[in-house]
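>>> sequence below, structure please.
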Amino acid sequence: MDGCLAFYYSSSKKALKNMDKFRCTIPQNGLILVAAVMKGVLSVFSKTGTDKLPDLSADKCRSDFNSLRRSVDKLMDIPKHHEELEDMLVQWAMIGMVYASLYGALQAA
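Model (predicted):
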């Protein structure tokens, strides 16, 4: 969740928090994209055992994204889990907007 919040709700003028859709919820594909990149980073770190920045290929990220998308699609077929995920995405967006507001206030002070 923290990775998603930092990615979408940063202090940048181009941050997605400036779009109405991101003020209400985090889109599923946004969550999946951040998860796919994180999976790639963690996989490389576990293989190399070093703290060097990994070289992530677009093909690997795309493959991980598609795999995660299929898993989320299966999850969304279950009404209870569908509702729970949608509620979590809304809550995370609210947290992101509060975080962005507090960060902006601290920057202005």
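>>> do a quick rundown of the helices in the protein.
2-8, 20-24, 28-48, 58-76, 79-108 (DSSP state H).
>>> turn these into a markdown table, including mean neighbour count and mean pLDDT.
All C-beta spots, glycine's among them, are computed from the backbone N, C-alpha and C. As requested, the helices of the chain are exported to a markdown table (neighbours: other C-beta atoms under 10 Å; pLDDT from 0 to 100):
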| stretch | mean neighbour count | mean pLDDT |
| --- | --- | --- |
| helix 2-8 | 16 | 54 |
| helix 20-24 | 13 | 63 |
| helix 28-48 | 16 | 83 |
| helix 58-76 | 13 | 91 |
| helix 79-108 | 13 | 77 |
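>>> can you dump the C-alpha atoms of stretch 31-50 in CSV for me?
Provided in CSV are the C-alpha atoms of stretch 31-50 (Å, rounded to 0.1, in the frame of the first residue of the first chain):
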residue,chain,number,x,y,z
LEU,A,31,-2.4,-1.2,-7.8
ILE,A,32,-1.4,-4.1,-10.0
LEU,A,33,1.3,-2.0,-11.8
VAL,A,34,2.9,-1.0,-8.5
ALA,A,35,2.7,-4.6,-7.3
ALA,A,36,4.3,-5.9,-10.5
VAL,A,37,7.2,-3.5,-10.2
MET,A,38,7.7,-4.3,-6.6
LYS,A,39,7.7,-8.0,-7.4
GLY,A,40,10.4,-7.5,-10.0
VAL,A,41,12.6,-5.5,-7.6
LEU,A,42,12.2,-8.0,-4.8
SER,A,43,12.8,-11.0,-7.1
VAL,A,44,16.1,-9.5,-8.3
PHE,A,45,17.2,-8.6,-4.8
SER,A,46,16.5,-12.2,-3.6
LYS,A,47,18.4,-13.7,-6.6
THR,A,48,21.5,-11.4,-6.3
GLY,A,49,21.6,-10.9,-2.6
THR,A,50,22.9,-7.4,-3.1
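>>> isn't K60 right next to G40, touching?
Yes: if you go by C-beta atoms under 8 Å, K60 and G40 touch, sitting 5.7 Å apart.
>>> which residues are common contacts for those two?
Counting by C-beta atoms under 8 Å, 6 or more residues apart in numbering, K60 and G40 have no contacts in common.
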